[in-house]
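# From the sequence below, what's the structure:
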Amino acid sequence: MSTIKSSAEDLTLNADGSNEVKFQINAVEKASINSSGLFTSTTIDATALTTVPVNKGGTGATTHTANNVLVGNGTSAVGSVAPSTSGNVLTSNGSSWASTAPAGGGKCLSVVSTPLATIPTTTSTSWVDISGFSVTTGTLDSTSSKLLIWVMCMAGTTTSYNGNVRMKITPSGGSAVYPFVGSGAPDSASRWNHSLMHGYSFSAASTLASTETLVYLYSVSSTVAHTVQMQWLVESGGEIYLNRSITEDYGRGASSVTIMEIGA
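Coordinates of the predicted model:
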């Protein structure tokens, strides 16, 4: 065995200029150091390397699951968080991290809307559906959702007759709900009293139609589809018109009903 050894002072291997210091066995290069100090080996077997501990600048782990997010773990091996369900976000609980579903509070989950520019009319003195003035949601995301209902309604009546419009909310297969209707029966003589129901007193003492906006927040109890149908009636002898006044001297307008599902 031949040995290069220096017991009393530094041992220097020198290669001038851009030359490299090369290490060979049987005239076969096994490693080298270039002029920039980069060490290259053709023989070091990566599988022979031991796990580098955290206190030596390593991870302390031998493998990491693909696509996991690495998180520190003190002096122990580095941990990780799996992606889990599609759409999840990395969430802190104040001391650790986890893959969780994003918070849904206040988030708009879906929107459906029906614009209406036609001019249906009625002389009915009892509540009837306004033709075409409705909208239906799809299956809802959660029973904790709320429906934000936005209605813009333009209507007019024949002179000196009052007309009313109300909202009818019906869960698929369920019973209808009439917001703003109080203890008085919707079809009783008190139907013109605004304290009992949301109603537009379209008193057409002129040729102008009235445009009203209604916003209502409805709490659901099931995830079935929900329909909002607008209904109306008019005093006996009168007629009520959608999207116009008694005449069309001032043209026509448009109405719409929109439902937004809001996450809890």
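
# what comes up buried for the longest strand along the chain?
The residue-count maximum for a strand in the chain (DSSP state E) belongs to strand 146-157. By neighbour count with 16 or more other CB atoms under 10 Å, strand 146-157 contains the buried residues Lys146, Leu147, Leu148, Ile149, Trp150, Val151, Met152, Cys153, Met154, Ala155, Gly156, Thr157. All C-beta atoms are positioned from the backbone trio N, CA, C, and that covers glycine.

# what does stretch 80-95 give?
Val81.

# from the chain's centre, how far out does it sit?
Relative to the centre of its chain, stretch 80-95 is centred 18 Å away, using CA atoms, centre = their mean, to the nearest Å.

# for stretch 119-137, same thing?
32 Å.

# Can you get me the start-to-end distance on that stretch?
24 Å (CA to CA, to the nearest Å).

# sorry, back to before: same for the longest strand of the chain, what does it pack against?
In terms of contacts (3 or more CB pairs under 8 Å, 6 or more residues apart in numbering; DSSP states H and E), strand 146-157 is packed against strand 163-171, strand 210-219, strand 226-234, strand 240-242, strand 255-262.

# Of all those, which one is nearest Ala27?
For these, the distance to Ala27 is smallest for strand 255-262, at 77.0 Å, taking CB to CB.

# Strand 226-234 and the closest one, what's the angle between them?
150 degrees (axes from the mean of the first three to the mean of the last three CA atoms, to 10 degrees).

# Residues contacting strand 255-262, please?
For strand 255-262, the surrounding residues in contact (CB atoms under 8 Å, 6 or more residues apart in numbering) are 106-117, 133-135, 137, 140-141, 145-155, 226, 228, 230, 242-243.

# for the protein, what are the low-confidence residue spans?
1-3, 43-49, 104-105, 181-208, 249-250 (pLDDT under 70).

# and it, what are its domains?
Following automatic domain parsing, the chain resolves into domains at 19-49, 56-62+69-100, 108-262.

# What backbone torsions are found at the residue lying closest to Ser172 once chain neighbours are set aside?
Spatially, and ignoring its direct neighbours in sequence, Ser172 is nearest to Val224 (4.2 Å; CB to CB, 6 or more residues apart in numbering). In terms of degrees, to the nearest 10, the main-chain angles of Val224 are phi -70, psi 160.
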